[in-house]
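Visitor: could you look at this predicted model? Sequence included:
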There are 2 protein chains.
Amino acid sequence: MSSTTSTTSTTSTLGFAILALLARADSTGYEIASRMRNPVAYFWTASHSQIHTDLQRLLSAQMVAYDRAPGPGPQDKKVYTITAKGRDALREWITTPPRPQPERDELVLKSYAAWLADPAALMEMFRTALHRHEERLAEYERAWASLEEGAPPLFGTPKFGNMAALRCGLGYERHRVEWCRWMLDQLSRSLNPSCEAAKPNDE
Amino acid sequence: MSSTTSTTSTTSTLGFAILALLARADSTGYEIASRMRNPVAYFWTASHSQIHTDLQRLLSAQMVAYDRAPGPGPQDKKVYTITAKGRDALREWITTPPRPQPERDELVLKSYAAWLADPAALMEMFRTALHRHEERLAEYERAWASLEEGAPPLFGTPKFGNMAALRCGLGYERHRVEWCRWMLDQLSRSLNPSCEAAKPNDE
DNA sequence: CTTCATTATGTCAGTTCTTACATAGTTGGA
DNA sequence: TCCAACTATGTAAGAACTGACATAATGAAG
């Protein structure tokens, strides 16, 4: 309605990811990038170049502010803080239902085209994927155990967010491990279909 | 080796998605777009504008060719076919291990920041998401049942690809439904923590 | 008869994101 | 002592993708 305060929230999803991290702890751009590589925040990643770009955009939108702190390096480092305006925008964004995501997954795409390729080579690819997912799963299980050790997750504390995201990650990796194993089983059957009658057909 | 045939495979993932569809059936650009909206091929989507752009790129790379066919419309429609070169490139791409995907998921990001927001509003958002995933799951289960009806999935036939991708979709939607329910349970507990001992913990 | 959905092609502006380039101090090991 | 890794900032070119614009025939419903 009011033409002055344009509510054209031009903040991108990455912008909100940055705000979500700053709401937990003040950070430099570099720290934000490394915190995003952390598996707990595994669901959104960005290169440092884009983080710097977005921080500048958030700055001009007055969503964040920064204090200069010395070194190490030629320039001062900039420790960013979320502003009240940024926290308001973040809070509003959190409960806005996201549009259904387009599910872009290269491995599934490859499986869809798998009938054209060499089964042995496919098996190697899925074995690699399986190992990756098993490692991630183990990592998440360790993180989950260490989160459950302390006090129960209180809503209103960052720990709640950690558990929520981690719980999703656990379920996702379990599903992936299962799927990769199923694929490997199907592919091995196509290589030696001899034991067709012997197999008990359940797992 | 040979400097003339530059193996700089500049084909994007979308390009291979298009090739994978054309390997199953010749299609116009419009048909490719609608086939990508089909839930069986739910793992990669694109707007028609980008499909047209990529088809032109694939054409100049001689990965596809087309025959003109009449109407309906002002121009002839172009029925695209995958070429031998395109099929070779596709086959090579299928077994190349994809880099670990960055897992960009807005809903998980929101859950990570959920501790800052209103639990009631969050519950509504997760209820919406739950319904979407339940619907998808039902859709996939129907598709799976109709795939199992016929002959068993033979490797070397497109049906194998359908089952592979669908199996992944089923596992994913189940995991999502489970996670959304867990989130709703956690959020409802934070709203009335009184019945901590009373509730039977299942639904 | 008009209107609307579907089939069908394409361009263009703008956003998001990746990759490479560019700089520079500190710290720790070989 | 030198070299590599880490901390720290940023720019710029280009790829990937979205959404709006633009055109136009067919067929079905009202």
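Guide: Noted; the coordinates are in hand.
Visitor: near chain B, anything from the helix or strand hosting A:Trp179?
Guide: Using DSSP states H and E, A:Trp179 sits in helix A:158-191. Yes. Using C-beta under 8 Å from any C-beta of the partner chain, helix A:158-191 reaches chain B at A:158-165, A:167-169, A:171-172, A:174-176, A:178-179, A:182-183, A:186-187, A:190. All C-beta atoms are positioned from the backbone trio N, CA, C, and that covers glycine.
Visitor: could you pull out the strands for chain A?
Guide: A:64-69, A:77-82 (DSSP state E).
Visitor: for the first one, packing partners?
Guide: Contact here means 3 or more C-beta pairs under 8 Å, 6 or more residues apart in numbering or on different chains; DSSP states H and E; on that basis strand A:64-69 packs against helix A:13-22, helix A:48-60, strand A:77-82.
Visitor: mean neighbour count for these - can I get that in CSV?
Guide: Supplementary listing: those in CSV, determined by neighbours: other C-beta atoms under 10 Å in any protein chain shown:
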stretch, mean neighbour count
helix A:13-22, 24
helix A:48-60, 17
strand A:77-82, 19
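Visitor: mind checking which of those is nearest chain B?
Guide: helix A:13-22 (4.0 Å; C-beta to the nearest C-beta).
Visitor: and the angle from that closest one to strand A:77-82?
Guide: Counting by axes from the mean of the first three to the mean of the last three C-alpha atoms, to 10 degrees, helix A:13-22 lies at 90 degrees to strand A:77-82.
Visitor: returning to what we had before: out of the strands of chain A, which gets nearest to B:Asp105?
Guide: Minimum separation from B:Asp105 across the strands of chain A (C-beta to C-beta) falls at strand A:77-82, 22.0 Å.
Visitor: any chance of the helices and strands packed on strand A:64-69 in TSV, plus mean pLDDT and distance to B:Glu124?
Guide: Below are these laid out as TSV (pLDDT from 0 to 100; distance: least, C-beta to C-beta, whole Å):
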stretch	mean pLDDT	distance to B:Glu124
helix A:13-22	97	19
helix A:48-60	96	27
strand A:77-82	96	25
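Visitor: got the ones you listed as TSV, with distance to DNA strand D columns?
Guide: Below are the helices and strands packed on strand A:64-69 laid out as TSV (distance: least, C-beta to the nearest atom of the strand, whole Å):
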stretch	distance to DNA strand D
helix A:13-22	12
helix A:48-60	3
strand A:77-82	4
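Visitor: that older thread, what subset of the residues of helix A:158-191 next to chain B is buried?
Guide: With burial judged by 16 or more other C-beta atoms under 10 Å in any protein chain shown, the buried subset of the residues of helix A:158-191 next to chain B is A:158-165, A:167-169, A:171-172, A:174-176, A:178-179, A:182-183, A:186-187, A:190.
Visitor: list the contacts of A:Ser134.
Guide: Quick fix: residue A:134 is Glu, not Ser. When contacts are counted by C-beta atoms under 8 Å, 6 or more residues apart in numbering or on different chains, A:Glu134 is found next to A:Val177.
Visitor: how much space between it and B:Ala121?
Guide: A:Glu134 is 37 Å from B:Ala121, where distance means C-beta to C-beta, to the nearest Å.
Visitor: next: A:Leu191.
Guide: Separation of A:Leu191 from B:Ala121 (C-beta to C-beta) stands at 52 Å.
Visitor: more neighbours, these two?
Guide: It is B:Ala121, of A:Leu191 and B:Ala121, that has more neighbours when counted by other C-beta atoms under 10 Å in any protein chain shown, with 16 against 11.
Visitor: looking at it, that one is touching A:Thr95, isn't it?
Guide: Yes. Contact criterion C-beta atoms under 8 Å: B:Ala121 and A:Thr95 qualify, at 3.8 Å.
Visitor: got a list of what the most centrally placed residue in chain A touches?
Guide: Residue closest to the average C-alpha location in chain A (C-alpha atoms, centre = their mean): A:Phe43, at 1.0 Å. By C-beta under 8 Å, 6+ apart, the residues touching A:Phe43 are A:Ala165, A:Cys168, A:Gly169, B:Glu103, B:Arg104, B:Asp105, B:Val108, B:Leu109, B:Tyr112.
Visitor: and DNA strand D, which of those residues reach it?
Guide: For DNA strand D, no contacts are drawn from these by C-beta under 7 Å from any atom of the strand.
Visitor: for the residues you listed, give me a markdown table that also has pLDDT and distance to B:Met125.
Guide: A markdown table is the format used below for the contacts of A:Phe43 (pLDDT from 0 to 100; distance: C-beta to C-beta, whole Å):
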| residue | pLDDT | distance to B:Met125 |
| --- | --- | --- |
| A:Ala165 | 95 | 15 |
| A:Cys168 | 96 | 14 |
| A:Gly169 | 95 | 19 |
| B:Glu103 | 78 | 20 |
| B:Arg104 | 89 | 18 |
| B:Asp105 | 93 | 14 |
| B:Val108 | 96 | 12 |
| B:Leu109 | 96 | 12 |
| B:Tyr112 | 96 | 14 |
